[in-house]
Structures are given as structure tokens and as C-alpha cells.
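Participant: got a predicted structure plus its sequence, pasted below:
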Amino acid sequence: MRYGGDNRGRLLIIVLVVTTLFLITLDLRGVQVINGLRTGTQTALTPVQKVGSWVVSPFRNFLSDVTHLGRTRNQMEKLKTENDKLRLALQNRQVADAQLKQLKGVLNLAGTAGFKVVNAKVISQGSSTSFTQTITIDAGTTSGIHTNMTVLSGYGLVGVVKYAYTNSALVQLASDPAFRIGARIAGSQQIGILSGQGTRKGVLQLLDNTTRIHTGDALLARGSDNGRPFVPGVPIGEITSVSNSPGAVTQTADVKFYTNFSTLGVVAVVVSGASSDPRDSLVPPKPHPTPIPTVTIYATPGAISPSPTATK
């Protein structure tokens, strides 16, 4: 039994060696036996490879999509951040442009009048324990600002300084119901008292009922002794309506302030008045009305337009 098993093992080895030598000989002589086996094997495996690729492809695509989605989200977040920065920069630029325009306007007004002023930014707007209509500015006693000084915008009167601190000041607006100022009508020099109404409108009470006032008349500050609290000639507003009651001692008129108190960004505090009263030189110019176009009609002598004829 033992010798028979050894003989079969030796015989199998001899057969494998002979077969190998035979295949090598055929391959060297150009017989494409090996290639045929390779081709057959590839042909047999192709369907299996296709099925494997079809099964694996969705997972491969899913992983690719997840990767691209992460990159897209990062790009979107980056673009959103850049967009927010650009929007903020644009808003800051718009605010700066508006403040620059207001600063130019108030400097032009002060320069025309000959006032010495200190410019300041409005840092808050609201009410206080004493007044309902106020603003707070970022300049105070260190800048030469004190109580009872006139505050201007590029259009005219804003109010008066009520409290001055080291680096800030509280300004009572002309729209405050407790605000009072002596005023005069430009041209006629009629004198009256203007009161705030809590809005952009005020009420003027003239002390003389003999002189007529009209809608559109300009109202100016009469001025106080030594220019405190009010310097003379500052534009206040325009008459919008007049109430003349029969037998009344005074005339009453509604006034629209030139200054829009809700849009104040930059103001100026008058620290020194002009050497002389500017009188009516600060009255804002009235806008020119839009001219009505002239239509010229040419008529030919003897030409008569036919009368319309009714037909049945």
C-alpha cells in the first residue's frame, strides 16, 4: 500500500512536469493556447465584473456626492460671509455719504452767517426725564460746548443745548412740546412765539393782528441777548396755514420746520455768534416752479373747420 501510493505521487509529478514543458513548447512555437485561455477567462469574468461595477457604482457616486456637497456648503457659507461684509460696507458707506452731505450743509449755513461752530455726531435720539424730544451728541465741554447754545442743521434750527457733559451733550429739539423760541417773519419782521408740537410742525402766535401773514412766509429766529440761547437769523421753518379769528388779539399760524429731526446724523453747535445780525440772508431759496410749456396754434385765414354732421 505504501509503495503504491508513492508510485502514484511520482507519476502525478511526472505528468505535471511533462504537461508544463509541452505548454511552454507550444507557446514558444507561436501556438496561442495561453492567450486563448486568458481570453476565455476574461470572457467568462466580464459579466461578473459588470455586475460588480453596477452594484458598487451607486455607493461610489454617493460618496462623491457627499464630498461635493460638503465643498458646496463650505463655498456657500464663504460667499454668504463675504456678501454680509459687502452689505455692511455698503451701508456704512451710505451712512458716511449722508453724514458728509449734512456736514457740508451745516458748514455752508454757518459760513454764510459768520457763526463759529463745533460739529458733532448724533449718537442717540429719544426722550429724557425733562423732555420728550431730544438728541445726544458726541461733543461736550471739552469741545467748548455749554448749556443754552443754539444747535443747527444744514437746513436751519435743530434746538438748544440743555445739558453739557465732558464729551457729550443733550439737545432739546425744536419739535419738543416744551420748546419755545422768539421768531420773526422774514420781510415783514412780524414777531411771535413759536412752540413745538411733538412733530415736524410747530405753532406760531403773532403778537400783532394788524399785519397779514401768508402761506409760504419764512420764519427766522429773532435772537437772544448775547446770542444765548438763540443766535439771530437762523431759519426755522415755513408758514403752512394761517388762522385769523375775527376779534382775536393774535394771529395763529402752522409752521413746518425746515429740519427733518428724524434723519439727523451731523449737527453743529454755535459757540460764537456773528459780529452782526445776518437778517434775512439765511432764508432758503424757494424752488422755482416748473414752467408751463407754451403751445403755439397756427391758424390759416379763411379756413373753417367743417361742422360735424349726424348720419342715420
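Facilitator: Structure received.
Participant: isn't S224 up against V270?
Facilitator: No - under the criterion of CB atoms under 8 Å, S224 is not in contact with V270, lying 11.4 Å apart. For every residue, glycine as well, the C-beta is placed using N, CA and C.
Participant: any chance you could map the strands in this protein?
Facilitator: For the chain, the strands defined by DSSP state E cover 116-126, 134-137, 150-152, 157-164, 169-173, 180-185, 191-196, 201-206, 218-221, 235-243, 251-257, 266-272.
Participant: which of these is buried the deepest?
Facilitator: Per residue and on average, the most neighbours among the strands of the chain fall to strand 150-152, with a mean of 28 (mean count of other CB atoms under 10 Å).
Participant: can you list the strands that it pairs with?
Facilitator: Paired strands of strand 150-152, with direction, are strand 157-164 (antiparallel), strand 266-272 (antiparallel) (DSSP bridges).
Participant: out of the ones you listed, nearest to A120?
Facilitator: strand 266-272 (5.8 Å; CB to CB).
Participant: need the overlap of contacts for S224 and V270.
Facilitator: Common neighbours of S224 and V270 are listed as V231 (criterion: CB atoms under 8 Å, 6 or more residues apart in numbering).
Participant: what count of nearby residues applies to the residue nearest to Y155 when sequence neighbours are not counted?
Facilitator: Of all residues not flanking Y155 in the chain, Y258 sits nearest, at 4.0 Å (CB to CB, 6 or more residues apart in numbering). Y258: 21 surrounding residues under other CB atoms under 10 Å.
Participant: residues making contact with stretch 117-135?
Facilitator: Under CB under 8 Å, 6+ apart, the answer for stretch 117-135 is 99, 103, 106-107, 110, 136-139, 143-145, 152, 158-159, 162, 168-173, 175-179, 196, 198, 261-262, 264-271.
Participant: repeat that for 7 Å
Facilitator: 103, 110, 136-139, 143-145, 152, 162, 170-173, 175-178, 196, 198, 264-271 (CB atoms under 7 Å, 6 or more residues apart in numbering).
Participant: tell me where the model's unsure across the protein.
Facilitator: Applying pLDDT under 70 to the chain flags residues 1-6, 8-9, 15-67, 69-70, 90-92, 95, 245-249, 287-312.
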